[in-house]
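Colleague: show me the folded form of this:
(chains A, B and C)
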Amino acid sequence: MQVYRTFFKMLMRNIASGLLYLGIFIIISLTVAKNSESNDFTTFNNAILDISVIDRDNSTLSKALYDYLDDCQNIISIDSDEKKWADELFYRTVDYILVIEEGFEEHVRDENYDNLLTSYSAPDSNTSYIAQSQTESFVQNVCLYLEAGYDYEQAALKAGEISQITADVQISNGSGTDAEVSSVSYFFTFLPYVLICMLINSLGATLMAWNRPEIKARTAVSGTGLTARNAGIIAAMTVYSLVIVGIFIIVCIFSYRKDFFSESTIYYGINGLCYMFVCIAITFLVAQLSKRVSALSMWSNVIGLSTSFLCGVFVTRQLLPDKVVAFSKCLPTYWYINVTEELKYFSGTLSREAWISMGVQLLFAAAIFAVSLVIIKNRQQKNA
Amino acid sequence: MSEIIVKIENLVKRYKELIAVDHFSLEIQKGEIFGLLGPNGSGKTTTINCLLSLLSYDKGHIEIFGQEMRPDSYDIKNKIGIVMQNVAVFEELNVYENIDYFCGLYIRDKALRRQYVDEAIEFSGLAEYIKFRPKKLSGGLLRRLNIACGIAHKPELIILDEPTVAVDPQSRNKILEGITELNKNGATVIYTSHYMEEVERICTRIAIMDNGKNLALGTAEELKSMIKNSETIKIHIPVLDDEHLEAIKRLSHVYQCSYSDGVLITAFDGGKHNLIHILDYLKNNEIAFGQVYSELPTLNDVFLEITGKELRD
Amino acid sequence: MFGHLYKYRLKSLLRTKEDIFWCMFFPIILCTCFFVAFSGINEKTNVFHTIPVAVVYQQDNEIFRTVMDTLSQSDSQGEAFMDVTETDAGNALLLLHEGKADAVITVDSSVSMTVAEEGINQTAVKNFLEQYLQKSAVIEDAVKNNPERLTGLMQNLFSGQDYITEASLTDSSMDEMSSYYFSLIAMAALFGGFLGNTIARQMNANITNEGMRKTVAPVRRHTIIAAEFLAAYTIQLMSMALLMFYILCVLQIDMGNQAGYIALTCVVGSLAGVAGGMFTGSLPVRENLQIAIYLVYSLISSFLAGLMVHPIKIWIEKKVPVINRINPATLIQDALYSLVIYDTRERFFANIITLAVYAAALCTLSCLMTRRKSYASI
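Modeller: Numbering: from 1, shown residues only, chains lettered A, B, ... in the order given. Here you go, the predicted structure:
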């Protein structure tokens, strides 16, 4: 109890730097989550892009194409001087520029498809392909209608009509009801990175003070046994981490009032708690291995960033190479993401796999603890 | 009168409300080992930092080697060696590299520098440790490295600010011997400490400092003679009645006398054969007594009398 | 004197593990993470893998069945677009939830699909369905109005003709992933600040004891500052060279053919980094706090430049563009980015000059703080 109380008191002394990290990470999480909502490029809800169409042909067909794109996207007029386009793309006035070349209509009629349209897109845009494919299918449909014997006007009109046809997609989550991805999910997806950086940096520093050989020796010769000492420390760490997670959840409630109060949030929370134990265990281990407080930020960034990249926190898992995904099963973050992925389309019950994934995280936590305890024991015997 | 190396006139340094150095004046002559004695927080280090132009000060004038000391007085700085109170060495450099680095700030000639660095290593007894990083050195060795870094360039004026704090007696002796040796080789030394024994042992002149003021100045003997007390005699006496105590108080040169717990403590303000006089009185009156101690005044007594408090913390 | 100071500064910085980690090894570790994480994207988005789908016929549709049969046959590269299982509605959903089918296509009066999650394969199926629906509409129309044209029409139906020429304003190639590496280079440049931080700290008498000793030595302040700065900058440039070597030669990432300009960006960016660190190192606060301040500053700066999630930078460009004009990491990132989209070098040099001014300002400030000769308190 004494260990717990003292440890907690020391943690509270360091609260200033803890709050600094907390503030920064909350801002980062919110920004990232907000951003992902509008930019997740695996979703079906196509974003409305800012595009430009330069019509050099000025024909019936080219105007039809322009009108069609105007319906689908937000057209912004820019200078027709090619030299200035770089600026537009650089400053993101537009994501995509389509040039309807002179003679567009003629070439379509002649079935000479070489120099119809030219497109420029911001090289780092992940959404400009949407405008590209809409244009492609429109022109293709026009060609088909011309083939079917319509004139330009009619063909363009009909092509515009059928280009609007979309496939009806339902998302099923096992219970048969539809679900939408809630914004809470993005917030929780980034939790692993935030939590691990936070805990290693704020908890680690206090923990290391306890690992100083003199303090350790003093505790070791006192009536408090090693087990009691570690139990006290772990209890204090857990309470502190709960406070941190608690603050995150409160922030989450305030940011996503509407989405927050659903059943899935409870599961997100439970999953977060499981991962919290993993983070505590990692912090515990890292504090044993570091000699200086300054080493903590190195550890936190290396562990935080590498697991986040490898396990699908920053880059969605579907895009990772299969080998990486297979390897990442050895990392606890993989199992955390397993659950959040399932919860994205959740309504109703949680699958057995998800519960297993949470269990695996706890096993990871226990294993990492065990390793740290072995290290502590070994060191103590060596020093004795 | 020989050459004056350091001259401080009316130095005043304030930290907001607190007056750290209060109209402090001092002259140090060539060839001295000058001791600046005072308890922790008395303003010794602040005075030294002002002397070195590390700190700005509110009032006063400082001259070293007859020239005004300013932050860009590189000629003066070149002739000063400084050993800080805190160990100031690079963790990333080993013993040899540290000494070479700091020596190199003063000595440009490479061959000469090598010679000086070797001599400093020899002097500080670090020859076995030249490849060690500071982390691996014991407390005493680290202090010696700290000193070696400060004196390798053979400065004419060496300032040592509490160089023996937290050092074991053996290392302390070695350090003190070293300082005496540096002085013999021609360096003027300013030595600050709150250990009066050290100051008494090596310093030719001593200034006593407290609350930023220069309270007394002189050789150890001079300082001691400044105070009333010249000798204190303690005698274990099982029984002594008040009548005899009064009689002892009336002995010549006794200015203070007390008896408690079977110990008679008598303070004298001069005179010779005081011990004989008091023992004669006891014998003549057939008073039984046990152990007898005679103590000469220490700098602590001097400090106690001037400030009314003990020098030791 | 200069050489002596430079030599020892170089030596002791190279042995300062924390600094070397941040400026030399951390960018390489992160770069490896990027490489591993992104290496799958091209393969996964551009190379087709057979997609398992379950099809439920609520109503028979001969044309759709024929199309599906065609698509389940291997193409010239030996891979089929889809692996089709015909089944009933209940079983199809079971397959979907067991992960044995990526999508369930239900055929009744129209065609619709059900998925369990959103993803690349699901999007591909959706696109296919839309194509199918649109083309059927054309054909229906033709059957009704111009049946004689039907044959010719059928021939062109899946022609796969490209109508759009994708052009680039410069001849540099770049994809979305390149921008992550640009941000990484920006971060690496800023991390040179850890070196700047250390040297400044060890020069200031009011922060460290070493600084005190340097201050009382008979060496001109500007000599010390210049030598130490140059030493830190040397190591930073070495780190950048190592990183660029790693990116270009080991990971073989295409950065275009602008080597000279990229090198210039690294050189100026590093200058801004070291100067920034020197500035925080001159602040009269505890060592740990100085490092924390710098770490937070450099990571936030990189974060805003899109290091963790690239669209952040674009989002800022649209909402608060001024941040992108002054944030040092974005300036570096944008300088590299401008090489890819601009034919001219005005934007590039505008960024480089801003960076240089920024570096000069910080250098001046920290010099003023370090040059202060006597301190009010130590």
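Colleague: contacts for stretch B:52-70 next, please.
Modeller: If you take CB atoms under 8 Å, 6 or more residues apart in numbering or on different chains as the criterion, stretch B:52-70 is touched by B:3-14, B:21, B:23-24, B:46, B:49-51, B:71, B:73, B:75-76, B:79-80, B:82, B:156-157, B:159, C:205, C:212, C:215-216, C:373-378. In short, each C-beta sits where N, CA and C put it, glycine included.
Colleague: pull up the distance across it, start to finish.
Modeller: Stretch B:52-70 has its terminal residues 8 Å apart, counting by CA to CA, to the nearest Å.
Colleague: tell me the mean pLDDT for that stretch?
Modeller: Mean per-residue pLDDT for stretch B:52-70: 89.
Colleague: apart from its neighbours in sequence, what residue is nearest the residue of chain A most remote from its centre?
Modeller: Centroid-distance maximum for chain A: A:G149 at 49.6 Å, with CA atoms, centre = their mean. The shortest distance from A:G149 to any non-neighbouring residue, by CB to CB, 6 or more residues apart in numbering or on different chains, is to C:N146 (4.4 Å).
Colleague: tell me, what's the model's pLDDT at that neighbour?
Modeller: pLDDT recorded at C:N146 is 75.
Colleague: which residues of the stretch 101-250 of chain B lie near chain C?
Modeller: For the stretch 101-250 of chain B, the contact set with chain C under CB under 8 Å from any CB of the partner chain comprises B:Y101, B:F102, B:G104, B:L105, B:Y106, B:R108, B:C149, B:G150.
Colleague: mind running it again at 6 Å?
Modeller: When proximity is defined by CB under 6 Å from any CB of the partner chain, the stretch 101-250 of chain B lies next to chain C at B:Y101, B:G104, B:L105.
Colleague: who's in contact with the first one?
Modeller: Going back to what we said before, that points to B:Y101. Shown in contact with B:Y101 (CB atoms under 6 Å, 6 or more residues apart in numbering or on different chains): C:Y8.
Colleague: so where does it fall, helix or strand?
Modeller: Assessed by DSSP states H and E, B:Y101 sits inside helix B:95-104.
Colleague: list the contacts of the next helix-or-strand element following that helix.
Modeller: Sequence order places helix B:110-124 as the next helix or strand after helix B:95-104, per DSSP H and E. With contact meaning CB under 6 Å, 6+ apart, helix B:110-124 is reached by B:I99, B:D100, B:C103, B:I107, B:A127, B:R144, B:A148, B:A152.
Colleague: how about the first one, what does it touch?
Modeller: Contacts were defined as CB under 6 Å, 6+ apart; by that measure B:I99 touches B:V117, B:A120, B:A148, B:C149, B:A152.
Colleague: can you pull the domain assignment for the chain?
Modeller: In the absence of a named chain, this looks at chain A. If you go by automatic domain parsing, the domain ranges for chain A are A:2-34+A:183-383, A:50-163.
Colleague: try again with chain C
Modeller: Here the domain parsing of chain C from automatic domain parsing is C:2-41+C:175-377, C:49-145.
Colleague: for chain A, see how far away C:Q122 is.
Modeller: 8 Å (CB to the nearest CB, to the nearest Å).
Colleague: excluding chain neighbours, what is closest to that residue?
Modeller: C:V115 (4.6 Å).
Colleague: go on, A:A228?
Modeller: Spatial nearest neighbour of A:A228, excluding adjacent residues (CB to CB, 6+ apart): A:V3 at 6.8 Å.
Colleague: any idea which helix or strand carries the one you found?
Modeller: helix A:2-13.
Colleague: now that helix, how far from the chain's geometric center?
Modeller: How far helix A:2-13 lies from its chain's middle: 34 Å, per CA atoms, centre = their mean, to the nearest Å.
Colleague: okay, buried residues for that helix please.
Modeller: For helix A:2-13, burial by neighbour count (16 or more other CB atoms under 10 Å in any protein chain shown) applies to A:V3, A:Y4, A:F7, A:F8, A:L11.
Colleague: what does stretch C:246-265 give?
Modeller: Of the residues in stretch C:246-265, C:Y246, C:I247, C:L251, C:I253, C:M255, C:G256, C:Q258, C:Y261, C:I262, C:T265 count as buried by neighbour count, 16+ other CB under 10 Å.
Colleague: of the residues you listed, which one scores lowest on pLDDT?
Modeller: C:G256 (74).
Colleague: what backbone torsions are found at that residue?
Modeller: Dihedral angles of C:G256 (phi, psi; degrees, to the nearest 10) stand at phi 80, psi -180.
Colleague: closest to A:T166 out of the domains of chain C?
Modeller: Between A:T166 and the domains of chain C, the tightest spacing by CB to CB is seen for domain C:49-145, at 5.7 Å.
Colleague: helix, strand, or coil at residue 162?
Modeller: All of this is about chain A. Reduced to three states with DSSP: H, G, I helix; E, B strand; the rest coil, the structure at A:I162 is helix.
Colleague: ah, no, chain C please
Modeller: coil.
Colleague: neighbours of it, just the number please.
Modeller: Neighbourhood size, C:D162 [other CB atoms under 10 Å in any protein chain shown]: 14.
Colleague: swap in the one 3 residues further on?
Modeller: Taking other CB under 10 Å as the criterion, the count of residues near C:T165 is 14.
Colleague: brilliant, that's me finished.
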